[in-house]
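> what's the 3D shape of this:
(chains A and B)
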Amino acid sequence: MAYKVCIIRAPGTNCDRETAMCVESQGLEAEVVHVKRLMEGEIRFSDYDGLIIPGGFSFGDHVRAGALLGKILKERFGDELAQFSSDGKPILGICNGFQVLVECGLLPGNTAQSALTTNLSSRFECRWVDLSVETSRCIFTDGLSGSIRLPVAHGEGRFLVTAGELKELTNTGQVVFKYAQKNGGSAGGSYPENPNGSIDDIAGICNKEGNVFGLMPHPERAFYRFLHPRWTKSDESESFGDGYKIFNNMAEYIMR
Amino acid sequence: MAGPISLDVDDTGLMTISRDMQLSLSLDEMKALKKYYHALGRSATGIELETFAQTWSEHCCHKTFRGEVEFEGKIVSNLLKTTIAKVTSTLDHEWCFSVFEDNAGIVDFDGDTAIAFKVETHNHPSALEPFGGAATGVGGVIRDILGVWGEPIANTDVLCFGPLDYPYEKLPAGMKHPSFIYKYVTAGIGHYGNNMGIPTVNGAIYFDESYVGNPLVYCGTVGLVKKSRYKREIRTGDVMILAGGKTGRDGIHGVTFASVDLSTEQERSVVQIGDPIEEEKVSRAVISIRDKGLGSAITDLGGGGLSSAIGEMAELGGCGADVHLERVPLKHPGMQPWEIWTSESQERMLVCCHKKDVEAILGVFADEEVEAVVVAEFTEGERLRLMHTDTVVGEINISFLFGTNIRTRRVATPPERSFSEPRVRSMDPAADLLAILAMPNVASKENVIRTYDHEVKAQTVLKPLQGLDGPGDAAVLKPLNSSWKGVVISNGMNPEYGKIDPYHMAACAIDEAIRNNIAVGGRRIALLDNFCWGNPERPDRMWGLVRASQACHDVALAFETPFISGKDSLYNETELGPITPTLLISALGVMPDIRRAVSMDLKEEGNSIFIVGATKDELGGSHFYKLKGSLGKNVPMVDAASAKTSFDMLTKAIDSGCVRSCHDLSEGGLAVAASETCFAGGLGLELDLDKMPRKGELSTEKLLFSESQSRFLVGTDDSAAFEKAMADTVFSEIGCVTDDKRLRITRKAAEVLNIEIEVLKRSWKNGL
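Numbers count the residues shown, from 1 in each chain, chains lettered A, B, ... in the order given. Coordinates of the predicted model:
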């Protein structure tokens, strides 16, 4: 029986198709599911082996990016999702999906002092960024090291936590990606290397166990080498890009 | 407006009715209506007159382009048919799938797949309410693609504004400042496209004083069509389903408003309100209905709302229609039938289907949480009957509505102007280059481009910014998972040349759109024309329109590039005067294998640099002259026959794999193009002007800044292969790529300029 990954969408979600394609290329079955079908009880999270919340503007990002879908997941499916996570099944939130994971409490960052908030530039930013791969327990970045390049495209990606929370995230190996200089060195908060002003240049975090991962950059938009902005300089148009490994790890983890 | 309106009045009375009801109908048209109702032996109803006004508006039926023009002592009848559309019919390419007929032009792509492309303008709404006007411009053109059963895959946008430093004291009362319009138009475009998840992949921003108070907002969308699912088969008994957003009082009279000059007194009620999330839902539902094979025809609700869409569908099917206006879901209770009928509320589509498919289609809409109702039924005959809760509120003969052709007669006479070449020299070429790079039309648009998502859908192989951050010539998309085939999108526009001669402006716009496409590897190119002009009732404006149309015919035919769709927006005038006549040409090419795509950034030290095409004494309308405060006379001219040969050869060179970088020469000529390739590649260049192929003896500034057309700057790692591929076309090796990060240009062994790339780049990045 094929392993199935649930890709949740709500009105305004718009990265579900390309995300599904990445999942399917790894031999998994991807099912794009409207959150309404979950709410009507037509299907259940437990039917799936993995979960992805893709990018977009769920419910128009009204109130706050990811807030409404996060609220639905938390209020209606809090227990189911907690079970899904504690069963060790992988959950990936990309961009708006990261915002949703924070809003629904599967990832830290939604307390009175923390949030994913408006970019420091006050603008939507679409650009490729360098990321340093931190030492973490994240199962999605297994085997990755040094630095990679992925694109970001968001208006609300500034990750803010208190100094205490930051210390804890760092100590527990929950910081997965940090925005970096081209040479891999720390971005030190400088724009545009750190495109949104996130604290400590944080671009992606995971839960303590490493099976829930949220990141602002889009790995599905870097799945193939020919999507890289400088692919025409090298001669590697046919190989995979830096986003490939994240989906590959998810598949290997599910099928292990 | 509820009661009957008698047209049995004199000419003055007819025009009073046209004006009071904001119908924008001419006396001839009002007289035709008078005759029609006289024969019927009854008065008109308000809703009927509204229907005629919408259908016969300049916006909907292009009176000027289809009418008669007195030009140079002759009568030109139907400018569209005898110039632009004639290119397409003469060429008769078998790959043109649907041209000038449906909501968008459609060409073959790959097997069962075709590509649709449409560009629209939304100028007047954007002048009044920049954010909403621009956003709904994007939303509207996306629906044009849905309206040919297409799945939107990319957006383009070309924007024209007044100078951002325009003095406030010169601004007429009530007119919005260009910097305000600029800020909110770009925000509106980003908002709609980003929320819909459609990448904005190509565009331009242009500044000219004539756009103060009358910005131009061109919005384009490209989509994928499945040929076997492209259906336009209407028959009696079929029904029409209205789906999407609710209908409100927003956008009433948008169409008739677009057919008159802009005044600051017009109300905001003509501007629609956009909701991209609603359209995202509608889009998913439409594609699902298409894939299930459920609908029989589809169209979007744009200008004129239901009054345009339903009539057009009935006319297409050769039948009548019964419309039940009370079924339309409303935003405000108590809307009058005529308001429901003509509202231009956004995010609405009209899907036609057989009765047996109604339940299934309503089910698909419900799955996406989109409101949908059956609003009308196609009937035998040719009667368009409008009903509201069992009361007939209007009845119109469809043949009369669409068949009446009141030909407008316009007069075209050239304005009296004379031009001369200025005596200006470049005493300091480096300083002039720095200044041109900082001119708003040339300066980097990165700050705007990055607020648009150009990566979503993960299909953008060549992006709007290439290399580090250089301005790409064209975007390349890889829309199919299973194929390496690419879609290539580019544009060309240069209003500055039109100040001298609209013919050559149009010729240059076509050349630029095509050469941008060729530069990255595009071919088999189809064109779209979008005219934005002043009031065509003024003979000098009309003269320019005829000249530009003639160039479209001559040049596109020589390039063998058919027009597949187009649109005109006339009456772009304010109390400050008309806009500079502006023709946007959009080009849609294909490439067999995106792995051969070429970007404009310099690749590596040691690459040889070739210039393709001859440089001429053509600085008329150039940025160099503009910098020196003149317009000049020698506007660039296109030699399409020799350009076509050289473009074909360049395509061969690209396919052979020897082209490492390629960038077209446009505003600012060689000096600007060379600088941009350095910015993008992070490398330097050494160029020798003596080696440039040229016509006649040219001064240094002419070699540096001439804007002669059909030229490219090519970098290659295999000069022999490149020379072989280009055969006996005009080209020459003029230098090489260096790693010292300087632009060094010499002539007669002396240095013309030698400047650090970082210095040039700073000027270019801070110009806007």
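
> Flag every residue of chain A that's near chain B.
Residues of chain A that fall close to chain B, judged by C-beta under 8 Å from any C-beta of the partner chain: A:11-12, A:14-15, A:17-18, A:21, A:34, A:36, A:55-57, A:59-60, A:123-127, A:151, A:153, A:218, A:220-221, A:223-224, A:226-227, A:229-233, A:237-238. Quick note: C-beta positions are derived from backbone N, CA and C, even for glycine.

> ranges for the helices of the stretch 1-150 of chain B?
Taking DSSP state H, counting those that start in this stretch as the criterion, the stretch 1-150 of chain B carries its helices at B:11-20, B:27-40, B:46-55, B:58-61, B:63-66, B:79, B:85-91, B:123-128, B:130-146.

> Just put those in TSV and tack on distance to chain A and mean neighbour count.
TSV is the format used below for the helices of the stretch 1-150 of chain B (distance: least, C-beta to the nearest C-beta, whole Å; neighbours: other C-beta atoms under 10 Å in any protein chain shown):
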stretch	distance to chain A	mean neighbour count
helix B:11-20	40	14
helix B:27-40	43	16
helix B:46-55	31	24
helix B:58-61	30	21
helix B:63-66	37	21
helix B:79	41	28
helix B:85-91	32	17
helix B:123-128	20	25
helix B:130-146	13	28
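
> re the thing from before, which of the residues of chain A next to chain B fall in helices?
A:17-18, A:21, A:36 (DSSP state H).

> Quick check: the two most widely separated of the residues you listed?
A:Met21 and A:Lys36 (22.9 Å; C-beta to C-beta).

> model confidence over stretch A:20-33, on average?
For stretch A:20-33, mean pLDDT rounds to 97.

> Give me the contacts around that stretch.
A:2-9, A:16-17, A:19, A:43, A:48-50, A:52, A:219-220, A:223, A:243-244, A:247-248, A:250-251, A:254-255, B:458, B:481 (C-beta atoms under 8 Å, 6 or more residues apart in numbering or on different chains).

> Go again with 7 Å.
Stretch A:20-33 has contacts (C-beta atoms under 7 Å, 6 or more residues apart in numbering or on different chains) with A:2-9, A:16, A:43, A:220, A:223, A:247-248, A:251, A:254, B:481.

> just so I have it, where are all the strands in the stretch 101-250 of chain A?
All strands of the stretch 101-250 of chain A, identified by DSSP state E, counting those that start in this stretch, fall at A:115-117, A:125-133, A:147-154, A:158-160, A:175-180, A:202-206, A:212-215.

> what residues are up against B:Asn123?
So B:Asn123 contacts B:214-217, B:532, B:569, B:572 (C-beta under 7 Å, 6+ apart).

> what's around the residue lying closest to B:Leu480 once chain neighbours are set aside, how many residues?
Setting aside the residues directly before and after it, B:Leu480 is nearest to B:Asp110 in space (C-beta to C-beta, 6 or more residues apart in numbering or on different chains), at 6.3 Å. By the criterion of other C-beta atoms under 10 Å in any protein chain shown, B:Asp110 has 17 neighbours.

> distance of B:Asp110 from chain A?
According to C-beta to the nearest C-beta, to the nearest Å, B:Asp110 stands 17 Å off from chain A.

> Write the ChimeraX selection for whichever of the residues of chain A next to chain B are buried.
Only the buried entries of the residues of chain A next to chain B go into this ChimeraX selection, using 16 or more other C-beta atoms under 10 Å in any protein chain shown:
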select /A:11,12,14,15,17,18,34,36,55,56,57,59,60,123,124,125,126,127,151,153,218,220,221,223,224,226,227,229,230,231,232,233,237
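
> Low-confidence ranges, the chain, go.
Just going to use chain A. Along chain A, segments meeting pLDDT under 70 span A:1, A:112-113.

> Correction: the question concerned chain B.
B:1-2, B:253-271.

> near chain A, which residues of it show up?
B:190, B:194-197, B:277, B:280-281, B:369, B:450-458, B:461, B:463, B:467, B:481, B:594-595, B:597-599, B:603 (C-beta under 7 Å from any C-beta of the partner chain).

> what about 6 Å?
B:190, B:195, B:197, B:277, B:280-281, B:450-451, B:453-455, B:457-458, B:461, B:595, B:599, B:603 (C-beta under 6 Å from any C-beta of the partner chain).

> which residues of the stretch 651-768 of chain B fall in helices?
With DSSP H, counting those that start in this stretch, the ranges of helices along the stretch 651-768 of chain B come out as B:669-681, B:700-705, B:719-726, B:757-765.

> The longest one to helix B:757-765, inter-axis angle?
Between helix B:669-681 and helix B:757-765, the angle formed by their directions is 100 degrees, by axes from the mean of the first three to the mean of the last three C-alpha atoms, to 10 degrees.

> and helix B:669-681, C-alpha only, in CSV?
Output in CSV follows, covering the C-alpha atoms of helix B:669-681 (Å, rounded to 0.1, in the frame of the first residue of the first chain):
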residue,chain,number,x,y,z
GLY,B,669,22.1,52.0,-26.4
LEU,B,670,25.3,50.0,-26.1
ALA,B,671,26.6,51.8,-23.0
VAL,B,672,23.5,50.9,-20.9
ALA,B,673,23.2,47.4,-22.2
ALA,B,674,26.8,46.7,-21.5
SER,B,675,26.5,48.1,-18.0
GLU,B,676,23.5,45.9,-17.3
THR,B,677,25.2,42.7,-18.3
CYS,B,678,28.1,43.6,-15.9
PHE,B,679,25.6,44.3,-13.0
ALA,B,680,24.0,40.9,-13.6
GLY,B,681,27.2,38.9,-14.0
